[in-house]
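A.B. asks: next input, structure requested:
(2 chains, ligands or ions: 2)
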Amino acid sequence: MMIDRKINQQISSPEELANVAAEQLAWQAQYQHRVFVCMGTACQSVQSGAVLTALQAEIKSKARENECLVSPGGCQGNCASAPLVSVPEQDLLYQKVQLSDAEEIIEALAGKPVGRLLCDNKSDFFTMQNRVVTNHRGLLNPESIEDYIAAGGFSALLKALTDFTPEAVVQELQKSGLRGRGGAGYPTGLKWSTVAKTRAEQRYVICNADEGDPGAFMNRSVLEDYPFRVLEGMAIAAYAVGASKGYVYVRAEYPLAVERVTKAIRNAEKHGLLGNKIGSMSFDFQVEIRLGAGAFVCGEETALISSIEGGKGLPCPRPPYPAESGLWGMPTLINNVETFANVVPIISGGAEKYATIGTPTSKGTKTFALSGSIMNTGLVEVPLGTSLRKMIFDIGGGVPDGHKFKAVQTGGPAGGCIPEEHLDATIDYETLMELGSFMGSGGMIVMDDSSCMVDVAKFFMQFCAAESCGKCVPCRVGTAHMHDMLDRITKGEGTMEELGQLESLCDVVKFTSLCGLGQGAPNPVLSTLRFFKGEYLAHIVGHTCPAGVCAPVGQDIRRPTCAL
Amino acid sequence: MSVRTRAARKNVAVKAPSDDKRWSIVAAVMRKHGSAQSALIETLHSVQSTFGYLDDTALAFVAHSLRIPLSKVYGVATFYSHFRLKPQGKHNCVICMGTACYIKGSARLLQRIDQKYGLKVGDTTRDNQFSLLEARCLGACGIAPAGIFDGRVLGNLASPLVESQLDNWLAESQQNEPKLP
Ligand SMILES: Cc1cc2nc3c(=O)[nH]c(=O)nc-3n(C[C@H](O)[C@H](O)[C@H](O)COP(=O)(O)O)c2cc1C
Ligand code: FES
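C.D. replies: Residues are numbered from 1 along each chain as shown, chains lettered A, B, ... in the order given. Ligands and ions are numbered 1, 2, ... in the order given. The predicted model follows:
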């Protein structure tokens, strides 16, 4: 059975690319029915690989190989209903598919859908999203460069190379209003122009795929589902800033992403879309992959650079910014995975069109990972400017099991917890900052009344204390000290005087730490103090934990309780 | 050290610590990077994926081959939490302690494992059957609490599920135990 079609030729012009795309589309069109099985992490954890094999075997046993094609696909978003199987021509999505369902699904391809497996893909979860970065909605075999090309892939790169000067690409990015998706939201076009303006023989492009924020997996999904698109975005960036070498720095915890990107690099090189003389033009761009090794601080750009250089991931004071002096002292462009993935739609659809999405200062869409106490956990993409309420209650389906919403945590360990009364705030860089939180890379963890906010603050402080690289004193000592203070509060040993000390220590660490890790570490404490001070007081004055985490509700938290 | 200076001067490969064929995998990784000092982390990854952990011999070999002071190699190996300097059990269980998993009760899973098996994070069972590790976030937050059992990600973990997996591993060791005459 031929499951994949492989081409072997070099692609050296937009015309050739269009031909390859047309041929692949024609090949796909000979199949009356196409089925995609999600191969994301959540689906794989419940055997979607075996479901794929079962569906393929079923087609074979019914001798329908010439009319049906079952392919691996990408994340559909609603991970809570894994494993997911989609049938695009019928516009159907099947959820919680078992191996034994294979026969029925294949049987139903031409007729009535299998009702009991249907997932309502017209629900708010799907209709309220706006997919730009994940526009293929998982209906693309992530390992097939042919399918990517058929879906319009690499046309943005060849368009940039043939129709745009490097300066024009930078201008297009500036016009689009795209801001970095790695956290701080620095204007991407401006960063590119800084790198492009430097005088140097060698420049580098780095894709930051370290995704260290716990509770965030958007970069992972984008890399796993659209590896070619991230590479295409990097190549366009390299052309724009005049770089000939690039690195993708991926964390080692993402083996599937590492595998997919490695294969994608090799595949793109084979077809002349990466490597030397891309598109037969005098543009070279080699990409290599580098593995992280489990250090959160390596997501920080200067620490990441020292890690690529083979050393400990210790950050350096900025300036100089990597844009002027980065990898091996050369000008280096460093952007997040999602930032690069956004470049492709900007170049192919035009900056004006892109800039129509979002708010005046935050353009475009953003992917978010919804998790915690929420019905529809998974990956979603919405225009910036969407309200938190819409995100959590309409798209996310609200809090399950009769619990009550308490807070949503955004921005990872440098972020904050936003309470119910601010749910009408919109998701954009400025608003989140005003609320004492942070866009971060896009994790959104919903907490209900069973979470203790002091305990949550302690959790993040423990994280920062453990991940502090130890280079600067405020962060190394301050985080450990703040953790101790929070620990004492959760045990009912804190005093009001100490609470005051905690607040002033937050200030010291925030304003004197060397890098973003220490500067952001006090945020979870400051934001819980701002919105949930009552819970701190309950622990300190009343010696109780209202959520029943530090001790069962109503019990004195000072008394040692038997665990479980 | 004579080995080091000789290798450095002649730029020849340092002799592997033993005849173990697996060293050639490590040597190949260093060669691929032109034995540059920047290949240190990549090389340590290859040692760990081949041998399971980094022992003193391996660290010294890498230091000599890449001409990096052993102290720096040791510094890098201990800076990154992914690198392990102790041998690991035959199987391994990683429980995610990231935010989403924590909110969904992964700390209670660890507590329960400690109670039942007397194992804390980083420990290995006495019969070397399995090691218990924790992770910062597995990127499987949609199915929190999540864990990895011998490379396989499992989600929506509850104590009975975790225990049945761990019990299986322990039973396996008892089966293989040589019968006393
Ligand atoms: C402690 C710390 C961790 C970070 N982790 C990440 C990360 O995991 N991924 C990321 O893209 N950026 C991370 N950043 C931000 C990067 O330093 C950098 O700003 C970003 O990669 C720039 O890309 P962008 O302009 O596309 O957002 C982190 C920053 C700090 C201070
Ligand atoms: S927090 Fe556990 S998988 Fe992300």
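A.B. asks: alpha carbons only for contacts and neighbour counts from here, please
C.D. replies: Will do.
A.B. asks: for chain B, what lies in contact range of ligand 1?
C.D. replies: Contact residues (CA under 6 Å from any ligand atom) of chain B with ligand 1: there are none.
A.B. asks: excluding chain neighbours, what is closest to residue 127?
C.D. replies: I went with chain A, as the question did not name one. A:Asn121 (7.9 Å; CA to CA, 6 or more residues apart in numbering or on different chains).
A.B. asks: oops, I was thinking of chain B
C.D. replies: Using CA to CA, 6+ apart, the nearest residue to B:Asp127 is B:Ser173, at 7.6 Å.
A.B. asks: could I get the buried residue list for the longest helix anywhere in chain B?
C.D. replies: Longest helix of chain B, by residue count under DSSP state H: helix B:159-176. Within helix B:159-176, the residues scored as buried using 16 or more other CA atoms under 10 Å in any protein chain shown are B:162-163, B:166, B:169-170.
A.B. asks: list, out of these, those positioned next to ligand 2.
C.D. replies: Counting by CA under 6 Å from any ligand atom, no member of those is near ligand 2.
A.B. asks: including distance to chain A and pLDDT, could the residues you listed go into a markdown table?
C.D. replies: Compiled in a markdown table, the buried residues of helix B:159-176 are given as follows (distance: CA to the nearest CA, whole Å; pLDDT from 0 to 100):
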| residue | distance to chain A | pLDDT |
| --- | --- | --- |
| B:Val162 | 14 | 95 |
| B:Glu163 | 16 | 95 |
| B:Leu166 | 18 | 94 |
| B:Trp169 | 19 | 92 |
| B:Leu170 | 23 | 91 |
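A.B. asks: phi, psi for residue 94 please.
C.D. replies: Because you didn't say which chain, this covers chain A. phi -100, psi 140 (degrees, to the nearest 10).
A.B. asks: should've been chain B
C.D. replies: phi -110, psi 130.
A.B. asks: ok, it touching B:Val153?
C.D. replies: No. Between B:Val94 and B:Val153 there is no contact under CA atoms under 8 Å: 9.1 Å.
A.B. asks: work out for me the element the residue nearest to A:Thr127 sits within.
C.D. replies: Here A:Asn121, judged by DSSP states H and E, is contained in no helix and no strand.
A.B. asks: residues near it, how many?
C.D. replies: By the criterion of other CA atoms under 10 Å in any protein chain shown, A:Asn121 has 14 neighbours.
A.B. asks: residues touching it, list them.
C.D. replies: A:92-93, A:127 (CA atoms under 8 Å, 6 or more residues apart in numbering or on different chains).
A.B. asks: with pLDDT, neighbour count and secondary structure added, can I get those in CSV?
C.D. replies: Listed next are these as CSV, based on pLDDT from 0 to 100; neighbours: other CA atoms under 10 Å in any protein chain shown; DSSP: H, G, I helix; E, B strand; the rest coil:
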residue, pLDDT, neighbour count, secondary structure
A:Leu92, 92, 19, strand
A:Leu93, 94, 20, strand
A:Thr127, 92, 10, helix
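A.B. asks: next, format those as TSV and append distance to A:Gly49.
C.D. replies: Shown next, in TSV, are the contacts of A:Asn121 (distance: CA to CA, whole Å):
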residue	distance to A:Gly49
A:Leu92	20
A:Leu93	17
A:Thr127	28
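A.B. asks: ok, those residues vs B:Gln88, which is closest?
C.D. replies: A:Leu93 (42.1 Å; CA to CA).
A.B. asks: helices of chain B, start to end?
C.D. replies: B:2-10, B:23-32, B:40-51, B:56-66, B:70-79, B:99-103, B:106-117, B:159-176.
A.B. asks: which stretches of the stretch 151-300 of chain A form helices?
C.D. replies: A:155-163, A:166-176, A:188-197, A:218-225, A:227-241, A:255-270 (DSSP state H, counting those that start in this stretch).
A.B. asks: taking helix A:255-270 as reference, get the angle to the fifth one.
C.D. replies: On the basis of axes from the mean of the first three to the mean of the last three CA atoms, to 10 degrees, helix A:227-241 is oriented at 60 degrees to helix A:255-270.
A.B. asks: packing partners for helix A:227-241?
C.D. replies: helix A:155-163, helix A:166-176, helix A:188-197, strand A:204-209, strand A:245-250, helix A:255-270, helix A:337-349 (3 or more CA pairs under 8 Å, 6 or more residues apart in numbering or on different chains; DSSP states H and E).
A.B. asks: I'm done for today, thanks for sticking with me.
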